[in-house]
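Student: Provide a 3D model corresponding to the input given below.
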Amino acid sequence: MRVKRERQALEIERKPLFFFIGLSLSLLFVIVAFNWKTYDKTNLVDLGQVNTEFDEVLDMPLSQQLPPPPPKKNLEVFELKEVEDEVLIEDMDLNLDMEMTEDLAVEDVVYEDLGLEVEEEVVEEIFQVVETWPEPDGGMASFYSYVADNMEYPEMARRLNISGVVFVQFVVEKDGSITDVKVVKGIGAGCDEEAVRVVSGAPAWHPGKQRGMPVRVYRTVPIRFILRER
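Tutor: Numbers count the residues shown, from 1 in each chain. Purely as a prediction, here's the structure:
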């Protein structure tokens, strides 16, 4: 009776050990099952068949596999002949010593004073306002009488029926002559050119004066073009 109790006690003590061993084996089988690899039989190649085909390729005669080599060309061989350089270069002595047989003298250039004086051009002032204005001989009525007698109406202005006033500016010199005639306001059609022509040919004026001395003076006069029926 005592022996039976001891055996039961021993089995109870070993029961956890057996459970642990069984659990370990179960886990081992599961791991092996997941890592087990299977191969498709269709991908397997018969090595014996491959070797047979390879042997057939190797058994082909060489005359069918390799073409004959191209014929060799005859290469011309040029022989290089050694030419002896028999040209002798003679040494030449150059005498670079030069003797000066004549003395070269540099003459001084003397500039003579010719006594010529350079005159500076003095530009005289042209006045626009003076004490005594320049006037034509006989007054402005005489001047306009001259203009009317000498002016010709331009044919172009006559055809285009153009009339108006041309303002002409000029300079009355110290001697009364008229210079630098130009149009400051015109009407075109040949009237401007005709006004300049008539004024440029006018008789001399009495010069303008400043402090009792004749001076150059600007003057501007109107020249009227009036178209009248013939």
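Student: Ala202 is in contact with Ser142, isn't it?
Tutor: No - Ala202 lies out of contact with Ser142 (CB atoms under 8 Å); the separation is 10.0 Å. Bear in mind the C-beta positions are built from the backbone N, C-alpha and C, glycine included.
Student: So between the two, which is more surrounded?
Tutor: Applying other CB atoms under 10 Å to Ala202 and Ser142 shows that Ala202 carries more neighbours, namely 17 against 12.
Student: Can you tell me the SS state at the more buried one?
Tutor: Three-state call for Ala202 (DSSP: H, G, I helix; E, B strand; the rest coil): coil.
Student: Averaged pLDDT, stretch 17-35. What do you get?
Tutor: Average pLDDT, stretch 17-35: 80.
Student: Which positions within it qualify as buried?
Tutor: Of all the residues in stretch 17-35, not one is buried under the rule 16 or more other CB atoms under 10 Å.
Student: Could I have the CA atoms of it written out in PDB?
Tutor: The C-alpha trace of stretch 17-35 is given here as PDB (Å, rounded to 0.1, in the frame of the first residue of the first chain):
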ATOM      1  CA  LEU A  17       7.700  17.800 -17.000                       C
ATOM      2  CA  PHE A  18       5.800  15.600 -19.400                       C
ATOM      3  CA  PHE A  19       3.500  18.500 -20.300                       C
ATOM      4  CA  PHE A  20       6.500  20.700 -21.000                       C
ATOM      5  CA  ILE A  21       8.200  18.100 -23.200                       C
ATOM      6  CA  GLY A  22       5.000  17.600 -25.200                       C
ATOM      7  CA  LEU A  23       4.500  21.300 -25.700                       C
ATOM      8  CA  SER A  24       8.100  21.700 -26.900                       C
ATOM      9  CA  LEU A  25       7.700  18.900 -29.400                       C
ATOM     10  CA  SER A  26       4.400  20.400 -30.700                       C
ATOM     11  CA  LEU A  27       6.100  23.800 -31.300                       C
ATOM     12  CA  LEU A  28       9.000  22.100 -33.000                       C
ATOM     13  CA  PHE A  29       6.700  20.300 -35.500                       C
ATOM     14  CA  VAL A  30       4.800  23.500 -36.200                       C
ATOM     15  CA  ILE A  31       8.100  25.400 -37.000                       C
ATOM     16  CA  VAL A  32       9.400  22.600 -39.200                       C
ATOM     17  CA  ALA A  33       6.000  22.600 -41.100                       C
ATOM     18  CA  PHE A  34       6.200  26.300 -41.800                       C
ATOM     19  CA  ASN A  35       9.800  26.200 -43.000                       C
END
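Student: which other residues reach that stretch?
Tutor: Contacts to stretch 17-35, defined as CB atoms under 8 Å, 6 or more residues apart in numbering, come from no residue at all.
Student: Just the buried residues of the longest strand anywhere in the chain, please?
Tutor: Identified as the longest strand of the chain according to DSSP state E is strand 213-225. For strand 213-225, a neighbour-count test (16+ other CB under 10 Å) marks Pro214, Val215, Arg216, Val217, Tyr218, Arg219, Val221, Ile223, Phe225 as buried.
Student: No further queries at this time; thank you.
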